[in-house]
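Engineer: Got a sequence here, can you model it:
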Amino acid sequence: MRNVVVLAGSAFVLFVGSSTWLALYPPVPADLGGVASLDARAEPVRIPVGAHDQLRGWYLPPRNGAVIAILHGFGRDHERAWRYAGFLRTAGYGVLTFDFRSSRVASRLPTTLGHYEVDDARAALAWLEARPELAGARIGLLGESLGGSVSLIAGAGDARVRALVVDCPFSNGVEALGDACERWAHVPRWPSVAILRAVGRAATGCDPGSLDAVAASAALRDRPVFFIHALEDDRLAPREAQALWRAAGAKDPLWLIRDAGHNEGWKRHRALYESRVRRFFDRALRGRGPGLPAGDLAGDAIAAAR
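Structural biologist: Sure thing, here's the model as predicted:
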């Protein structure tokens, strides 16, 4: 019996350890979602980050005086942004997207649930703010999953960011790890989260549970944020977006999509998704149109007006 317990315990530790490695260096598949890549149409740019590193970015200039930086999520790269850049560009918005250093091929850094990624986002914002043709331009952020939580933190610290859209973000690193354990890996939160944090600290020197997007949301009470989450999300619980929405003052639109999984809102309800995001940015960044009402958008109350 003792041998069985030891073997079971060893198997559990091995499973969590291998899962941690995949979490640090996940595969990064091409994920265009059926839209055309805009790589060839965008200006390739290099964005300095830190003293000796840089990000690869892709930039499309604005035609309406506003530019939106799009931040991809875990296990994805900049190509994920083109599904959003397409309709935003049609509406005249400029777009900057980039690969987090944890998603690039050469000299790849581990995914850290915010430690490196927040620095990358801040570097991208600094690059936008240094572009002479963008002097006075209004800046927005759109982020998915990890990119959404990072957007909240980077945006909270930069007054030039005027509005944000965050799709399936997590509230803090501990909750993100716990939800992923339960919903995706189907293992208990305890001791899985403790093991993941310990392995993460040992591998990267950073605590993957330290990111706190709730505090960032509280610092964004003076700016509009559109919160989106999927009720069938198999990675992050909807209560995470609800906690962020409440921290931001419950003043903003909150769309809980009943029939979508993680970051599947655009895929499931493309026309409505694009309309709502565009309406939100039009009002928040350009002062045009009715915008979106505060509170729950899950019903059909504004669908007829889209």
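
Engineer: switch to C-alpha atoms for all contacts and neighbour counts from now on
Structural biologist: Fine.

Engineer: what's Asn263 sitting at in phi/psi?
Structural biologist: Per-residue torsions, Asn263: phi 50, psi 40 (degrees, to the nearest 10).

Engineer: Touching, it and Asp167? I think so.
Structural biologist: Yes. The pair Asn263 and Asp167 qualifies as a contact (CA atoms under 8 Å) at a distance of 6.4 Å.

Engineer: Now do the buried residues in stretch 30-39.
Structural biologist: The neighbour-count check on stretch 30-39 (16 or more other CA atoms under 10 Å) flags 31, 37-38 as buried.

Engineer: ok, now stretch 43-52?
Structural biologist: For stretch 43-52, the neighbour count (16+ other CA under 10 Å) marks 44-45, 47-49 as buried.

Engineer: I'd like the mean pLDDT over stretch 236-254, please.
Structural biologist: In this model, stretch 236-254 carries a mean pLDDT of 98.

Engineer: In that stretch, which residues are buried?
Structural biologist: Of the residues in stretch 236-254, those buried (16+ other CA under 10 Å) are 236-238, 240-248, 250-254.

Engineer: Take the residues you listed and keep only those in helices.
Structural biologist: Counting by DSSP state H, these place 238, 240-247 in helices.

Engineer: circling back: quick check: neighbours shared by Asn263 and Asp167?
Structural biologist: Residues touching both Asn263 and Asp167 (CA atoms under 8 Å, 6 or more residues apart in numbering) are 144-145, 229.

Engineer: from those residues, which is closest to Ser275?
Structural biologist: For the shared contacts of Asn263 and Asp167, the residue nearest Ser275 by CA to CA is His229; the value is 16.4 Å.

Engineer: Kindly confirm my reading that the closest one is in a strand.
Structural biologist: Yes. Secondary structure of His229 (DSSP: H, G, I helix; E, B strand; the rest coil): part of a strand.

Engineer: From Pro238, how far out is it?
Structural biologist: Distance of His229 to Pro238, computed by CA to CA, to the nearest Å: 6 Å.

Engineer: any shared contact partners between those two?
Structural biologist: Both His229 and Pro238 are contacted by 168, 256, under the criterion CA under 8 Å, 6+ apart.

Engineer: what does the model give Ala303 for pLDDT?
Structural biologist: Value for Ala303, per-residue pLDDT: 38.

Engineer: I meant Arg104, not that one.
Structural biologist: Arg104 carries a pLDDT score of 95 in this model.

Engineer: Name the SS class of it, please.
Structural biologist: In three-state terms, and counting by three-state DSSP, Arg104 is coil.

Engineer: What is the neighbour count of it?
Structural biologist: 17 (other CA atoms under 10 Å).

Engineer: Ok, Val187 next?
Structural biologist: Around Val187 there are 18 residues (other CA under 10 Å).

Engineer: Can you tell me the SS state at it?
Structural biologist: Secondary structure state of Val187, per three-state DSSP, is coil.

Engineer: mind checking pLDDT for it?
Structural biologist: Model confidence at Val187, given as pLDDT, is 96.

Engineer: wait, what's in contact with Val45?
Structural biologist: Per CA under 8 Å, 6+ apart, neighbours of Val45: 56-59.

Engineer: what sits against Val187?
Structural biologist: Cys181 are the contacts of Val187 under CA under 8 Å, 6+ apart.

Engineer: Pull the distance from the helix or strand containing Glu175 to the chain's centre.
Structural biologist: Assigned by DSSP states H and E, Glu175 belongs to helix 173-179. With CA atoms, centre = their mean, to the nearest Å as the basis, helix 173-179 stands 15 Å off its chain's centre.

Engineer: Let me see the mean pLDDT of it.
Structural biologist: 97.

Engineer: Next, Ile68: phi, psi?
Structural biologist: phi -120, psi 120.

Engineer: Count residues in the vicinity of it, would you?
Structural biologist: Other residues near Ile68 come to 30 when the count uses other CA under 10 Å.

Engineer: Bridge partners for it, pull those for me.
Structural biologist: Val95, Gly140 (DSSP bridges).

Engineer: surely it meets Val95?
Structural biologist: Yes. Taking CA under 8 Å as the definition, Ile68 is a contact partner of Val95 at 4.9 Å.

Engineer: show me where the stretch 51-200 of the chain has strands.
Structural biologist: Remark: strands assigned in the stretch 51-200 of the chain by DSSP state E, counting those that start in this stretch are 53-60, 66-71, 94-98, 138-144, 161-167.
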